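# would you be able to build a 3D model of this:
(4 chains)
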Protein chains: 2
Amino acid sequence: MRRGCEEASDGCHGKFRGFGYRMTLARQSILDVLSRTSKHLSAEEIYHEVYKTHPTSGLATVYRTVELLVQIGLVNKFDFGDNRARYELEIGSEHKAHHHHLVCMNCRRVIDYTDFIEEEVELLSKTEKGLSKKYNFQIKKHIIQFYGLCDKCQ
Amino acid sequence: MRRGCEEASDGCHGKFRGFGYRMTLARQSILDVLSRTSKHLSAEEIYHEVYKTHPTSGLATVYRTVELLVQIGLVNKFDFGDNRARYELEIGSEHKAHHHHLVCMNCRRVIDYTDFIEEEVELLSKTEKGLSKKYNFQIKKHIIQFYGLCDKCQ
DNA sequence: TTAGTAGTGATAATCATTATCAATAAGGAG
DNA sequence: CTCCTTATTGATAATGATTATCACTACTAA
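Numbering: from 1, shown residues only, chains lettered A, B, ... in the order given. Now for the predicted structure:
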């Protein structure tokens, strides 16, 4: 059974309403696209995917929606160095668990890894505590990325 | 005594020549700016700084040089979510030691921290080894950033 | 039904970055 | 030191991702 935001009746809809936003067809289809893929899509790629089932949606709406989703915390925005923002569902989709990224500096391929995540997150949370106190900084998210060369590009 | 790339006679010059590049006044003044600051400057900010001592240098040259420096590995390029790339010297300047970043999601202020770096780097290098083997991925760099709210923005 | 307002599509505007190209200057050979 | 080759540069046009605008549509609550 697929999990994600396909059925707008679940958590996503509620989250939208909670923030005073409406759940619309456009937003739903964007969430669908994001929950169906395991890739890190750019706004334009999302637009093209959405087009297949909802061809009246415009690119501007994709930008607006995706930015909204980032604000709400349902979506994460990344920069992998290819001059465009890339988006992925925070969690909850069938494809995604908490992970970090390996980015190939040559072909720009991005690999999600979950190995060592436990230890990483454990250390991070310790670090977060220390930093929060020292800098009085309230930490919400972290990003860990490794840059290098993938097997094909070495 | 200042250390950095101010005197083009040192390592930077050599590194340039080694890659077949020339050390020019423009490049030198850009390195000077980067080695003198503790901030994370954008290309335009670098341009304005360079202007003070070398007003004939253009913005395009800053972009070109800074990109070159990133290729050579003398400079790191970051995205802190404010829609422009930011640059800082890898190491070797008086101001910089290996550090990670705290980024305020509200005011976009960036704090460098060196606390816990030892443990972080230690874990990272362990993780790197594992990932390298599993994905046959040759890791060159890592980025760790925490996002949240700084003291003033909470 | 209706008023009020959030959301949308189309498209123009913005702005960081890149490409172009003629002019200039670095560095080696003589 | 001078000349030659070619990397580098400045000015500026072009590109391309993202954002703003605006008239129109569609919810929602009363």
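# which strand or helix spans the residue nearest the centre of chain A?
The centroid of chain A falls nearest to A:Glu88 when counting by CA atoms, centre = their mean (2.2 Å). According to DSSP states H and E, A:Glu88 maps onto strand A:85-89.
# right, is that strand up against DNA strand D?
Yes. Among the residues of strand A:85-89, A:Ala85 lie within reach of DNA strand D under CB under 7 Å from any atom of the strand. (Each C-beta comes from the backbone N, C-alpha and C, glycine too.)
# and chain A, which residues reach chain B?
Listed as neighbours of chain B in chain A under the rule CB under 8 Å from any CB of the partner chain: A:77, A:79, A:81, A:102, A:104-105, A:111, A:113, A:115-116, A:119-120, A:123, A:126-128, A:130-131, A:134-151, A:154.
# put the buried members of those into a PyMOL selection.
Of the residues of chain A next to chain B, the buried ones go into a single PyMOL selection, burial set by 16 or more other CB atoms under 10 Å in any protein chain shown:
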select buried, chain A and resi 79+81+102+104+105+111+113+116+120+123+127+128+131+135+137+138+139+142+143+144+145+146+147+148+149+150
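# of the residues of chain A next to chain B, which belong to helices?
With helices taken from DSSP state H, the overlap with the residues of chain A next to chain B comprises A:Glu119, A:Glu120, A:Leu123, A:Lys126, A:Thr127, A:Glu128, A:Gly130, A:Leu131, A:Lys134, A:Tyr135.
# next, format these as a markdown table and append distance to B:Glu67 and pLDDT.
Listed next are these as a markdown table, based on distance: CB to CB, whole Å; pLDDT from 0 to 100:
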| residue | distance to B:Glu67 | pLDDT |
| --- | --- | --- |
| A:Glu119 | 35 | 88 |
| A:Glu120 | 31 | 88 |
| A:Leu123 | 33 | 91 |
| A:Lys126 | 36 | 91 |
| A:Thr127 | 32 | 93 |
| A:Glu128 | 33 | 94 |
| A:Gly130 | 35 | 94 |
| A:Leu131 | 31 | 94 |
| A:Lys134 | 35 | 95 |
| A:Tyr135 | 32 | 96 |
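# turn those residues into JSON lines, including distance to B:Thr37.
Shown next, in JSON lines, are these (distance: CB to CB, whole Å):
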{"residue": "A:Glu119", "distance to B:Thr37": "35"}
{"residue": "A:Glu120", "distance to B:Thr37": "31"}
{"residue": "A:Leu123", "distance to B:Thr37": "30"}
{"residue": "A:Lys126", "distance to B:Thr37": "31"}
{"residue": "A:Thr127", "distance to B:Thr37": "26"}
{"residue": "A:Glu128", "distance to B:Thr37": "28"}
{"residue": "A:Gly130", "distance to B:Thr37": "27"}
{"residue": "A:Leu131", "distance to B:Thr37": "23"}
{"residue": "A:Lys134", "distance to B:Thr37": "23"}
{"residue": "A:Tyr135", "distance to B:Thr37": "20"}
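# tabulate those residues (JSON lines), appending distance to DNA strand C.
Below are these laid out as JSON lines (distance: CB to the nearest atom of the strand, whole Å):
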{"residue": "A:Glu119", "distance to DNA strand C": "34"}
{"residue": "A:Glu120", "distance to DNA strand C": "29"}
{"residue": "A:Leu123", "distance to DNA strand C": "31"}
{"residue": "A:Lys126", "distance to DNA strand C": "33"}
{"residue": "A:Thr127", "distance to DNA strand C": "28"}
{"residue": "A:Glu128", "distance to DNA strand C": "28"}
{"residue": "A:Gly130", "distance to DNA strand C": "32"}
{"residue": "A:Leu131", "distance to DNA strand C": "27"}
{"residue": "A:Lys134", "distance to DNA strand C": "30"}
{"residue": "A:Tyr135", "distance to DNA strand C": "27"}
